[in-house]
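Engineer: Output the structure for:
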Amino acid sequence: MVKDPYRYFRIEAQELLEALGQGILQVEQGRPDPEAVRRLLRHAHTLKGASRVVKLTRTGALAHALEELLAPHRDTGGPIARDSIDRALQLLDEIRHDLRVLDAPPAQPAMPAPTLEDVPALRVAIGDLDVLLDGAFAAQIEATSLRRAVEELAHVHAEHRAATRRSASDPRSSTASNDHDERFERALRKVLDRTERVLTETQEVRATAASLRMIPADTLMADVRRAGRDAARELGKEVDVAYEGGDIHIDAHVLAGVRHALLHLVRNSVAHGIETRAERLAQGKPPRGTVHIALERQGSRARIVCRDDGRGLDLAAIREAAVGGGSMTANAAEALDETALGAFLLRGRVSTSRTVTSVSGRGVGLDAVRDAIEALKGEVTLRSRQGAGVTVELLVPTSLATVSALCLQIDETSVLLPIDSVRRTVRLAEATTLRNETGEHLVVDDTIVPLVPLQRLLSTKSVPSTARSAVLVVSEGRWAAVAVERVAGVRNVVVRPAPPHAAILPIVGGATLDEDGHPQLVLAPARVVEAVHAAAPLHDAASPPALPPLLVIDDSLTTRMLEQSILESAGYPVDVATSGEEGLQKAKQRRYGAFIVDVEMPGMSGFEFVARTRDDPVLREVPAILVTSRSDPEDKRRGKEAGARAYIVKSEFNQSELIDIIRGLVG
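Structural biologist: From the prediction side, this is the model:
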């Protein structure tokens, strides 16, 4: 007798509900063809019959009501009234509710469950697959260990046999010993052959179980499209939710997180982005707004892009919310461009809605998106164009269970780092490094990246580094470098939750087993990057003396911030000024190692600033560097005549060149 008489009904009903939900939303968006309605009727009829087989009278009645609702449209091909669509979706919700309450089997004997042949589409329970995957993995570890033990035993026996032959003096004794040895070797070979077969079979089981965990993205789109439809209906808007790429397969656990994120994104697009019909017509847009979702596979990751054709970000409202919430001053908020404001929205609880509804106004939508994707070790980016909509891109692993990882060795320990997060490995002996009071940095392609030994991140103690290589890791656009003793290749591993003793290490994301069955830590790239940036500066006797402060003078916020960031990363204290006049005032208040000055500024130009400082008996000793977009030889000559020690053209700007010039001038 089957313990749960509804097990297979749940599977079939869920498949039918997804097909019905998708189909009804598709019918609502256009003039339905008769075949589409007939297909929906077949699904409803099948659901009604299956419900009655397992004695679920109410569920069968709901499916029958859905049949009755659709039947008049079987052959007409005409539009279905919105009230009828609403009622159909309501019936589906009630059937879903019935499925959720099927938690325990009845106490009395039930009818035999349908056989597998009666089920049109079988969805294996993910929990069962996880048990199978863990069992197969454990079996593989045992089989590998057994094979090694047998091989070692065969080697010992071969040595023993050779020694016996050398010492044997009685031919009869030698013959008997040979017969015994041959029987033993045959037995060993049989054991080894069986071990190899078990190993091969467990590898195949693991691969099959892992593939069964992968579910087509189509399965989540009915809920996502329904969420957009309901939000639009509540707000009196007309919105179509379309998608492509639903045939790509993603791990079930990842898909659950993606579904959660997409539900919030679609509701956000409808509430904040898509305009009303009247507003869209006034702007020359189609009366119906569109939210388009595109899914594609990129190696071991899935890229999901959610784009709407609405109004774009409300920059004024975001700035108002930022200032009102105390996140920044009015001047700082005004200085942020569209990209920076989008990044600010993703950072934390911000709402631009002036009223609270069931759709928006609490400032949790993008927070929930960020949290859901970060939990999957993924990334979120947001872009916007005024009047042309918002695009949110999600990048997630297709599977949390199996990943390709780089094996990193430190001392006698090895850890794994998912290879998708690795951008490059370099040998430290051949690399350029910087060391100052802010820590150690690696210079790669004119970019300065903080560098910390992996030993230091894994231990609370101060440990000497034996590193010979560095691995560059990136997460959400932030770069970091970890120094390791050796990079020992790539492994495909099954990742499981980290053991309790490893949970105290914040950079650990999970664990796996090596070929000998020993636990091996798997690092979380985002946490590694965060830990490197947060690591306290190293202070020892070899640290260089404090570097002199520098003064950057430029009326462009972007240029000031870029130069300040580069110079501070190299260890220099930096002050900034927004004009030549302000720069001259600051220059008289503090002793600087050098001035880095823009040429074209309102008021006092860079040429004039340099000339003024050359005439000052104190400031004339401070070298000045001109940074400008003007590349004419005449401009360079003029800068040299004014007294500038170097002239850098912005179009040829190079971080390493700037640092080298500064070092050459001030040390």
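
Engineer: what's the pLDDT at the residue nearest the centre of the chain?
Structural biologist: Residue closest to the average C-alpha location in the chain (C-alpha atoms, centre = their mean): residue 378, at 1.2 Å. Looking at residue 378, its pLDDT is 83.

Engineer: Hmm, residue 397 and it touching each other?
Structural biologist: Yes - between residue 378 and residue 397 a contact is recorded at 6.8 Å, counting by C-beta atoms under 8 Å. C-beta here means a position set from N, CA and C on the backbone, and glycine is covered the same way.

Engineer: Can you spell out the domain ranges of this protein, please?
Structural biologist: Listed by automatic domain parsing, the domain ranges of the chain are 7-118, 126-212, 216-397, 402-534, 550-666.

Engineer: Okay, and the nearest residue to residue 95 once chain neighbours are set aside sits in which element?
Structural biologist: Once flanking residues are discounted, residue 95 sits nearest to residue 62: 5.1 Å by C-beta to C-beta, 6 or more residues apart in numbering. In this assignment (DSSP states H and E), residue 62 forms part of helix 57-70.

Engineer: Okay, buried residues for that helix please.
Structural biologist: Within helix 57-70, the residues scored as buried using 16 or more other C-beta atoms under 10 Å are 59-60, 62-67, 69-70.

Engineer: what residue ranges in the stretch 501-650 of the chain score low on pLDDT?
Structural biologist: 501-504, 515-519, 536-546, 558 (pLDDT under 70).

Engineer: Common neighbours of residue 378 and residue 397, please.
Structural biologist: Overlap of the contact sets of residue 378 and residue 397 (by C-beta atoms under 8 Å, 6 or more residues apart in numbering) consists of residue 301.

Engineer: Just read off the phi/psi values of residue 507.
Structural biologist: Taking degrees, to the nearest 10, you get phi -80, psi 0 for the backbone angles of residue 507.

Engineer: Please name the residues that touch it.
Structural biologist: Going by C-beta under 8 Å, 6+ apart, residue 507 touches 457-458, 523-524, 527-528, 531.

Engineer: Spatially nearest residue to it, not counting backbone neighbours?
Structural biologist: Nearest non-adjacent residue to residue 507, counting by C-beta to C-beta, 6+ apart: residue 527, 4.6 Å away.

Engineer: buried ones in the one helix or strand the one you found maps to?
Structural biologist: For residue 527, the enclosing helix or strand under DSSP H and E is helix 525-534. Going by neighbour count (16+ other C-beta under 10 Å), the buried part of helix 525-534 is 525-532.

Engineer: For stretch 411-430, measure first residue to last.
Structural biologist: Taking C-alpha to C-alpha, to the nearest Å as the measure, stretch 411-430 stretches 21 Å from start to finish.

Engineer: likewise stretch 608-621?
Structural biologist: 17 Å.

Engineer: which of the residues in that stretch are buried?
Structural biologist: Buried residues in stretch 608-621, counting neighbours by 16+ other C-beta under 10 Å, are found at 608-613, 619.

Engineer: need those residues in CSV with secondary structure, can you?
Structural biologist: Converted to CSV, the buried residues of stretch 608-621 look like this (DSSP: H, G, I helix; E, B strand; the rest coil):
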residue, secondary structure
608, helix
609, helix
610, helix
611, helix
612, helix
613, helix
619, helix
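
Engineer: Could you identify the most distant pair in those?
Structural biologist: 608 and 619 (13.5 Å; C-beta to C-beta).

Engineer: Averaged pLDDT, stretch 29-37. What do you get?
Structural biologist: For stretch 29-37, mean pLDDT is 71.

Engineer: measure residue 261 to residue 432 for me?
Structural biologist: For residue 261, the distance to residue 432 equals 40 Å [C-beta to C-beta, to the nearest Å].

Engineer: Next, format the contacts of residue 507 as JSON lines and append distance to residue 510.
Structural biologist: Formatted as JSON lines, those follow (distance: C-beta to C-beta, whole Å):
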{"residue": "457", "distance to residue 510": "16"}
{"residue": "458", "distance to residue 510": "15"}
{"residue": "523", "distance to residue 510": "9"}
{"residue": "524", "distance to residue 510": "8"}
{"residue": "527", "distance to residue 510": "11"}
{"residue": "528", "distance to residue 510": "13"}
{"residue": "531", "distance to residue 510": "16"}
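
Engineer: Tell me the one of the buried residues of helix 525-534 nearest residue 410?
Structural biologist: Closest to residue 410, out of all of those and judged by C-beta to C-beta, is residue 528, at 13.4 Å.

Engineer: thinking that closest one is in contact with residue 482, fair?
Structural biologist: Yes - counting by C-beta under 8 Å, residue 528 does reach residue 482; the two are 6.5 Å apart.

Engineer: and for these two, which residues touch both?
Structural biologist: Contact criterion C-beta under 8 Å, 6+ apart; residues shared by residue 528 and residue 482: 457, 473.

Engineer: so how many other residues sit close to residue 279?
Structural biologist: When neighbours are counted by other C-beta atoms under 10 Å, residue 279 registers 15.

Engineer: With residue 100 instead?
Structural biologist: By other C-beta under 10 Å, 8 other residues sit near residue 100.

Engineer: chain center to stretch 44-61: distance?
Structural biologist: Offset of stretch 44-61 from its chain centre (C-alpha atoms, centre = their mean, to the nearest Å): 42 Å.

Engineer: End to end on that stretch, go ahead and measure it.
Structural biologist: Length of stretch 44-61, first residue to last, C-alpha to C-alpha: 11 Å.

Engineer: For that stretch, buried residues please.
Structural biologist: Neighbour-count burial for stretch 44-61, with 16+ other C-beta under 10 Å as criterion, is recorded at 44-48, 50-51, 53-54, 56, 59-60.

Engineer: what pLDDT, on average, does that stretch get?
Structural biologist: The average pLDDT for stretch 44-61 rounds to 77.

Engineer: Pull up the gap between residue 307 and residue 250, please.
Structural biologist: Taking C-beta to C-beta, one finds residue 307 at 20 Å from residue 250.

Engineer: likewise residue 621?
Structural biologist: 64 Å.

Engineer: same check, this time on residue 93
Structural biologist: Applying C-beta to C-beta, the value for residue 93 to residue 250 is 25 Å.

Engineer: Repeat that for residue 568.
Structural biologist: Here the criterion is C-beta to C-beta. By it, residue 568 lies 41 Å from residue 250.

Engineer: more neighbours, the two?
Structural biologist: Each of residue 568 and residue 250 has its neighbours counted (other C-beta under 10 Å); residue 250 has more, 26 against 15.

Engineer: Just send the buried residues of stretch 44-61 back as a markdown table, with distance to residue 366 too.
Structural biologist: Output for the buried residues of stretch 44-61, formatted as a markdown table (distance: C-beta to C-beta, whole Å):
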| residue | distance to residue 366 |
| --- | --- |
| 44 | 38 |
| 45 | 42 |
| 46 | 40 |
| 47 | 37 |
| 48 | 41 |
| 50 | 40 |
| 51 | 40 |
| 53 | 45 |
| 54 | 42 |
| 56 | 40 |
| 59 | 37 |
| 60 | 42 |
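
Engineer: ok, which stretches of the stretch 451-600 of the chain are strands?
Structural biologist: Assigned by DSSP state E, counting those that start in this stretch, the stretch 451-600 of the chain shows strands spanning 469-475, 478-484, 486-494, 508-513, 519-523, 550-553, 574-577, 594-598.

Engineer: tell me which residues in the second one are buried?
Structural biologist: Within strand 478-484, the residues scored as buried using 16+ other C-beta under 10 Å are 479-484.

Engineer: Please apply the same query to the longest one.
Structural biologist: Residues 487, 491, 493-494 are the ones in strand 486-494 that count as buried (16+ other C-beta under 10 Å).

Engineer: Can you tell me which of those residues is closest to residue 635?
Structural biologist: Using C-beta to C-beta, the buried residues of strand 486-494 come closest to residue 635 at residue 487, 47.5 Å.

Engineer: Tell me the spacing between the closest one and residue 641.
Structural biologist: From residue 487 to residue 641 the distance is 53 Å (C-beta to C-beta).
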